[in-house]
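Participant: coords below, sequence missing:
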């Protein structure tokens, strides 16, 4: 189970970014192994089970132990550093396609409510959360953020582009800007086009009454596919966390295994 959820090479990369802890001089129960705890977190992310139902037979400790470790590593910025490290590995082999990038969003139910949730106008006003995603030309996730379901997609175009990490790995300056940005009509506005133009990014945003329906999915289908990959992790398909930081940690963590598949295939 541990090998299937956490490959050896991926664990080696993640372990290098985990904070170190020395044993408390006051004694107490020994700290559970980091790899076992991460396996439990991935098991919850993959299956969507409640923390208290995490099987002890996996050897991952209790659900509360895994929850505390997820929160601890989230506050330490581990998930962002791991994601950037995997991107750096791809960049070293020139496997990030910067020519084009695509942006889109998808809503998921959030019956428990909490931070960054809102009434979903496309789901009869039920509480929901929205996942905003920016990917490269092949669907590699570069940035993922959350918001309430009532937030319009267009409000996250600029934050997503600004959040693209500067990825090193090749000679020269680290790159963080795509050549073109593709988006659907929800992002259409003169302000967005002008903002992208000032940053040297060609805007390929569908326009109302201009673009033909036959060309809508020519480049943008990759971001919808990646959103589908993310929602295969059942903990992301329905948001059960009331705390926004925990759900964001799950979303950021889910990006790393997806990026690792590109490492295994192209590097």
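Facilitator: It's in. All values derive from a computational prediction rather than experimental measurement.
Participant: look up which residues are beta-bridged to the closest residue in space to residue 238 that isn't next to it in sequence.
Facilitator: Distances taken as CB to CB, 6 or more residues apart in numbering place residue 109 nearest to residue 238, at 5.1 Å, with adjacent residues excluded. (Each C-beta comes from the backbone N, C-alpha and C, glycine too.) Judged by DSSP bridges, the bridge partners of residue 109 are residue 128.
Participant: for residue 109, give me its contacts.
Facilitator: 120, 123, 126, 127, 128, 129, 238, 239 (CB atoms under 8 Å, 6 or more residues apart in numbering).
Participant: biggest helix in this structure by residues?
Facilitator: helix 244-266 (DSSP state H).
Participant: give me the buried positions along it.
Facilitator: With burial defined by 16 or more other CB atoms under 10 Å, the residues of helix 244-266 counted as buried are 244, 246-260, 262-263.
Participant: for residue 235, see how far away residue 10 is.
Facilitator: 18 Å (CB to CB, to the nearest Å).
Participant: neighbour count winner among those two?
Facilitator: Neighbours around residue 10 and residue 235, counted as other CB atoms under 10 Å, are more numerous at residue 235. The numbers are 25 against 19.
Participant: residues of the helix or strand harbouring that one that come out buried?
Facilitator: Assessed by DSSP states H and E, residue 235 sits inside helix 234-237. Buried residues in helix 234-237, counted by 16+ other CB under 10 Å: 235, 236.
Participant: which helices and strands sit right next to it?
Facilitator: helix 34-47, helix 244-266 (3 or more CB pairs under 8 Å, 6 or more residues apart in numbering; DSSP states H and E).
Participant: and the last one, average pLDDT?
Facilitator: Predicted confidence along helix 244-266 averages 96 (mean pLDDT).
Participant: which elements pack onto it?
Facilitator: helix 8-15, helix 34-47, helix 63-75, helix 78-92, strand 141-148, helix 221-230, helix 234-237.
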